Every structure is written in structure tokens, then in C-alpha cells.
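1. All I have is the shape, not the residue letters:
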């Protein structure tokens, strides 16, 4: 929201309020100053503040509400500023049911006076109008003859300071009142309106759009309406999509001699839905989406009439028009206002001290002063606490005692309270589980993964899931049993939105029911693959294969310093994984997780490539088997080159590669540095029941360079032993 410093100074009377002081106090009161800009408007320099306001404070999304907030914030400093009410030209308000009077006073005091004098009956008079959907009040007034021309310079100056371009005296006045009070009003050419409906007798109503209905703005623009679009009808003819669009042929222009002004309170939820469904958003719709109240509407309407009166624009009726009360929209805040039932809360001084600690600002007298500065009406006060009414403008965000205490802190300033550091007996430390989490998080991020978070509730995935008794929505009726389903789902959504491949991990909890008992597990899960990689600079990029993905997991275990065994999974709930490419992980014959390639059908459904891999480990089990390193050891790097040898063989499917690997290590001895499996193939021309493997052996001596004869001798022993001891045939 853009705030003009001069505008605020004129309303509050805080003439010596500097930009630096204003920015500091607003920040301490919980507002965020995005930027301050010096702006030249009609040969005058002004400072504009771009202030971020919280959504729950709809009462300050206007200059008047913001000025009231400033007076509350600066209630202790008022004596330090030169406070003088800005002069206001005498106003002749002939619409009273008594002799015209002249008055000169502070802004908004005159409006309050008229409101108390004449508008009280509007609250009592319930009017049953024909059809008013999603509406709690409505009014319209017609003007006498007028001239449409440029607005006063002072009006243009305020509009330009808020980034609103001046149009004419009528629309400028309406836009000014909307900026000042937050309540939008609408105007149209009265003579054009009479011509459009072919009568001078008006009957307004609000209705939802019917199926396949359209709204023709002008000859070049037709809007296809949705069922949630709220329309304003005049004599059975639609003239406006409320807050969004008005018929072009009834708009005000320089030929206009009479105007009709209308306004009211409408359902903010329906206005928001209407705006979203059409993809149209205006300043009026933004205002109507907020929680407006009848009290503010009355005051804004009187303010509008006074400003028109100052510009010699008058209206046909001698009395103020009736703002109709319509009960088709059952809105608690409106009913409370009509029946004068303001929200009532109790505040305990003891609770204030319990939450905020000790401070001179928390003495009984100081608290009462702050509450009055915030416009709370204290109806009863004792040494223990007080009972008070919530202002109508704050009933949407102050609902509990703690909300009032928060307001006391905000107005006092967060720096007014001492930060008390708690006393501790001993220095805390991370648990073993937390250390493991941090190491895994650091390692995965270094490997290129992103950390993601999901809610713990999901759809039904398994028969042993824990069900919620009171779900928010039916689609989230169960606690998740694992983290993988949500990771796969989000990876699919990412691809459907044409984003990059998601390679991510999540640390969270899974819930299940086992033998009637609820089991809660600490888990870490991840998904990766799908990106294209190159082993060498001159190769084409290709997806990561099974063995490379498995090698990534083994690298992770190496970082943890644990030795893992790979075996076949006996878990029957893994139907989302490829039936021949997933396995279970063991440490000391105890299973702690799974790793595998996702099922081709799941990959196709989520627009993922087949070479997408997932893993999930139970951290509680892993924690018991993992030993955090207290001391790191380093081994020297060899100054002599390694000798690399590639071997290929055809192996029987029944032989585990772990057995082959163990035999190679046994024969290779200390000169064998590593074994890397880089290729797997099954299918023709390989016989059925067999597959082809390719692996790379690395030999190195730390004292000297190995000769070809030494390496060949070891390799020959390895190949002879493999063919002799296993159903393996070496390939040339």
C-alpha cells in the first residue's frame, strides 16, 4: 500500500512527523517498509512509503484506518509533536431535517456527528427488497444538474501520490473516498441509465449469473460468465459485474449532466471467486474482497456527500437516503452491528505479566492507557483485569485475550521489553539421531539433491495406514505410511509444469498400524534420475543406469562409514517399484531400507522416464548401526599411476554379484584398489538364464609403478578362478 507522508500528516495533525521516525515506529509496530520514494506531484515534493500490511488488518488498507493506527502508535509521543487540526472550509449541509448549518472541525468528526444523528434508523429498518443475493446492504442516490470537469488540484495531488491517475471531478472524488476510507462506490450517467432501461423508475437487485450467460461490456467486448459471478441488475437488465466491469454505454463522460451513485456491502468471498474465475482484478474488487462493515460504509458515504457538497454537487432528495438492511446474507459482523452487539473480551493483568515478563509498561495504568489508544471501550476495570468491547473495525482479527496482549506489545514497541536469557545447568548437545540427520542432509545436498517437505497426511496407500478421525478434507484422511508416494507425485507435478527433473529428498515421519499398535518411524527418502549425464566429454548424454544409481547409494554409505549388504525384498507393498530392479538393504542381517527403480507404469503416469530411482531408509534402525566418527583418519595419496583393466563375463542369474566381488578381492590382494561394475545386459544373444557383466579393476602400488606382467598375472588368476568356481564364462 502506498502512503503519502503529507496526506497522513494532514489527517493526524502530526505536522513534525519525520520520515525516519515514521519508518522506525512502523517497523517496531510490526509493519514492513518495502521502500520510500521522493515524488513530485503538481510541483510539490512528497514522500511515498510502500508499506506491507498483513491480510488480517483489513481496517488499515486505507488512509483513514492507517492514520488511526498511527495515532495509536504515537500515543505516547503526541506531546512531542506540534498537533493542530488542519483547517476545513465551512460546509453547508442542507440535507439535514433542520435548518442548514455551518461547521468547521477536524476531519471525520462531522461525519460521525451526522451518522449518530440520522443513520441510527437505518440499522433498525429492515427492508425486504426483491432479490439481493450475497448482499447485506445497498443504496443509491441521484444528483441534481452538474458539470463534469477536472477535479480540484488538492484532490488530484492526493490521487497522484497514491499512483491513481485523475479522470474528472466525479470519479476523482469517488476514488479519493475509496483510498481514504477503503469503501468503494460506483457512479454512472443517470440519463444514459434511464435510456438503457427505458424508464425513470429504478429497481435494483443482485443475482448470480445463469448458465452460459454473457455480459456485453461494449460492441467489441463480450464476457462469458461463470455461475459464481455476481451481477447488479436494474429493472431486470444487468448493468455491472459487481466490482469488476460496468456497461460502457452508461459510463460518465464530459457530456454527463446527472449521475447516479450506488454502493453497499457484498459477500467478500463471492467477489473474490468472481474475480478469480474471470481473471479480472480492479481496485474496487480488491476493496470489496475485504471484511467491510456497516459502520464504515455509513461514514464513508457521508464523507463522499460532504466532498461533493464542497464542490457544489448536490442530490435530489432533501433527506439522507436509506441504506437498506438486507437479511439474505447472514453475516455475524453485520448482525452484531445492527443489534449493537460488539464483541466482548476479558483481559487479565496477571496473564499479561506471565506472557511478557516484567516491564514498567505493564503496570495497570499503562495497560489501560494503551487500550484506550487502541480504541477499546473499557466497560469495567478492577485491580485484576478489565472487561472491554472490541472496536467494530477490529472484530475480524481480535478474537482472544492473547490477541489483545499482542496489541499491547506492538504499540509499546518490541524493544521496550527485556530479553531474558534462561539459565542452563549444562551445555546441550545433539542427539545421535540428529547428528545422523545432519550428516545425511549435508551429504545429499552435496550430491546435488534438494530437500523438500510435505504434510504428514495423505490418501489411502495401504491397509495398515493410520486413519484420521476428523480429516479437514476427505482426500487427506490418512497419515502417510512412507514418504515415497508424495515424492513421486511431486516429481510428476514438476514435470507436468514443464520444470526440470526433480532430484530431492525428505526427512520426515511415517505412520502405520502393526498388530493393533501405532508405529511411528523416522524416515529419509529420495528420488533421482531422469537427467542426462556424460561419462566423458565427447559422449552423448544418457540417463543414469541401475548400477550407476546403486553406486550413488554406495557412495552415500561410504560417507557414513557403514558396510551394507544388498538382498531381495520380501515387502509385498512395493508395487510402485520395478519388479526386477529393487532390493532391500541390510546391516548385520537387519533390514533398514529399500532402493529401486520405479515401475514403468508409475513413471508413465507421472511423465517420468523409466530410469527414475527411489530410496527410503529407517533412521531409527540406521542410528543404532551407525557410529559417528569422533576422529578422522587420512591415508596418503599414491604418487604412482593406477593400472585399469576391464573384464567382461557371462554369469548365471542364480549367482549373486557379491559372491563374484568377494572372490575377486580375495585373489586381487593388496594391489587391487577398487572394483566398479559399469555394465549389465540380458537378452539376445545372451542365453536365457544368463546375463552379461562388465566391471573395471583398478590396481596400484604405493611404492612403485606396476608392470604389465604383474597386472596380467593377477588378472589371469582372477579369470581362471571365476570360471572354475562359478558358472561363469569370461568374454574376450
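-> Ah, there it is. This is a predicted model, so every value here is computed, not measured. Residues are numbered from 1 along each chain as shown.

2. Next, residue 38: secondary structure please.
-> Assigned with DSSP: H, G, I helix; E, B strand; the rest coil, residue 38 falls in the strand class.

3. What's opposite it in the beta bridge?
-> On the basis of DSSP bridges, residue 38 is bridged to residue 47.

4. Test my guess that it contacts residue 45.
-> Yes: the pair residue 38 / residue 45 is scored as a contact, 6.4 Å apart, by Cβ atoms under 8 Å. Using the backbone N, CA and C atoms, a C-beta is placed for each residue, glycine as well.

5. Show me where this protein dips below the pLDDT cut-off.
-> Along the chain, the parts satisfying pLDDT under 70 run over 76-131, 318-342, 358-361, 417-422, 532-539, 569-573, 628-632.

6. check which helix or strand covers the residue nearest to residue 228 when sequence neighbours are not counted.
-> Using Cβ to Cβ, 6 or more residues apart in numbering and skipping residues adjacent in sequence, the residue nearest residue 228 is residue 273, 4.5 Å away. Residue 273 is part of helix 268-278, with elements assigned from DSSP states H and E.

7. contact partners of stretch 24-33?
-> 23, 49-54, 69, 73-74, 410-411, 413-415 (Cβ atoms under 8 Å, 6 or more residues apart in numbering).

8. Now for these: which two are most distant?
-> Comparing all pairs in these by Cβ to Cβ, the longest separation belongs to 50 and 415, at 23.5 Å.

9. Now go through the contacts of stretch 24-33 and say which are in helices.
-> 23, 69, 73, 410-411 (DSSP state H).

10. Would you mind giving those as TSV with distance to residue 513 and neighbour count added?
-> Below are the ones in helices among the contacts of stretch 24-33 laid out as TSV (distance: Cβ to Cβ, whole Å; neighbours: other Cβ atoms under 10 Å):
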residue	distance to residue 513	neighbour count
23	56	16
69	52	22
73	54	22
410	46	18
411	50	24
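
11. Out of the residues you listed, the closest to residue 498 would be?
-> Among those, and counting by Cβ to Cβ, the member closest to residue 498 is residue 23, at 41.9 Å.

12. correct me, but that closest one touches residue 36?
-> Yes: the criterion here is Cβ under 8 Å, and residue 23 meets it with residue 36 at 6.7 Å.

13. what's the overlap in contacts for these two?
-> residue 49.

14. what's the longest strand in this protein?
-> strand 517-529 (DSSP state E).

15. Name the residues of that strand that are buried.
-> Within strand 517-529, the residues scored as buried using 16 or more other Cβ atoms under 10 Å are 521-529.

16. Who are the packing partners of that strand?
-> Using 3 or more Cβ pairs under 8 Å, 6 or more residues apart in numbering; DSSP states H and E, the elements in contact with strand 517-529 are helix 432-446, helix 484-496, strand 504-514, helix 546-560, strand 612-618, helix 619-625.

17. how near is the closest residue to residue 543 other than its chain neighbours to residue 136?
-> Spatially, and ignoring its direct neighbours in sequence, residue 543 is nearest to residue 611 (3.8 Å; Cβ to Cβ, 6+ apart). From residue 611 across to residue 136, the span is 59 Å (Cβ to Cβ, to the nearest Å).

18. between these two, which one's more packed in?
-> Neighbour count, other Cβ atoms under 10 Å: between residue 611 and residue 136, residue 136 has more, with 26 against 21.

19. Assign that one to helix, strand or coil.
-> Under three-state DSSP, residue 136 comes out as strand.

20. Could you report the separation of it from residue 266?
-> For residue 136 relative to residue 266 (Cβ to Cβ), the value is 8 Å.

21. which residues are contacting the helix holding residue 273?
-> Helix 268-278 has contacts (Cβ under 8 Å, 6+ apart) with 134, 223, 225-226, 228-230, 241-244, 281, 285, 288-292.

22. now that helix, how far from the centre of its chain.
-> Chain-centre distance of helix 268-278: 18 Å, with Cα atoms, centre = their mean, to the nearest Å.

23. cool, stretch 605-619 as well?
-> Relative to its parent chain, stretch 605-619 has a centroid offset of 28 Å by Cα atoms, centre = their mean.

24. What residue spans form the domains of the chain?
-> Taking automatic domain parsing as the criterion, the chain consists of the domains 2-80, 122-338, 344-414, 432-625, 643-731.

25. Need the distance between the two termini of the last one.
-> Distance between the two ends of domain 643-731: 20 Å, counting by Cα to Cα, to the nearest Å.

26. Likewise for the shortest one?
-> From its first residue to its last, domain 344-414 covers 26 Å (Cα to Cα).

27. mind starting the numbering at 383 from now?
-> Renumbered: residue one is now 383, and that last one reads domain 726-796.

28. Run through the residues that contact residue 1100.
-> For residue 1100, the contact set (Cβ under 8 Å, 6+ apart) comprises 1029, 1045-1046, 1049-1050, 1079.

29. re earlier: just checking, which of the contacts of helix 650-660 belong to strands?
-> 605, 612, 623.

30. How many neighbouring residues does the second one have?
-> It refers to residue 612. 24.

31. Export the domains of the chain as CSV, with columns for distance to residue 1017.
-> Shown next, in CSV, are the domains of the chain (distance: least, Cβ to Cβ, whole Å):
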stretch, distance to residue 1017
domain 384-462, 54
domain 504-720, 63
domain 726-796, 54
domain 814-1007, 14
domain 1025-1113, 9
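
32. for the stretch 483-632 of the chain, what spans make up the strands?
-> 484-485, 517-524, 568-571, 586-590, 596-600, 603-606, 612-616, 619-623, 627-628 (DSSP state E, counting those that start in this stretch).

33. Then the stretch 983-1114 of the chain?
-> Counting by DSSP E, counting those that start in this stretch, the strands of the stretch 983-1114 of the chain are 994-1000, 1025-1034, 1054-1063, 1072-1081, 1110-1113.

34. Mean neighbour count added to those strands, as JSON lines?
-> Formatted as JSON lines, the strands of the stretch 983-1114 of the chain follow (neighbours: other Cβ atoms under 10 Å):
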{"stretch": "strand 994-1000", "mean neighbour count": "23"}
{"stretch": "strand 1025-1034", "mean neighbour count": "16"}
{"stretch": "strand 1054-1063", "mean neighbour count": "15"}
{"stretch": "strand 1072-1081", "mean neighbour count": "18"}
{"stretch": "strand 1110-1113", "mean neighbour count": "14"}
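
35. hang on, the earlier thing: what angle separates the longest strand of the chain from helix 928-942?
-> Taking axes from the mean of the first three to the mean of the last three Cα atoms, to 10 degrees, one finds strand 899-911 and helix 928-942 inclined to each other by 120 degrees.

36. can you give me the angle strand 899-911 makes with helix 866-878?
-> Using the same axes, to 10 degrees: strand 899-911 against helix 866-878 is 30 degrees.

37. And strand 899-911, how far out from the chain middle?
-> Worked out by Cα atoms, centre = their mean, strand 899-911 lies 26 Å from the chain centre.
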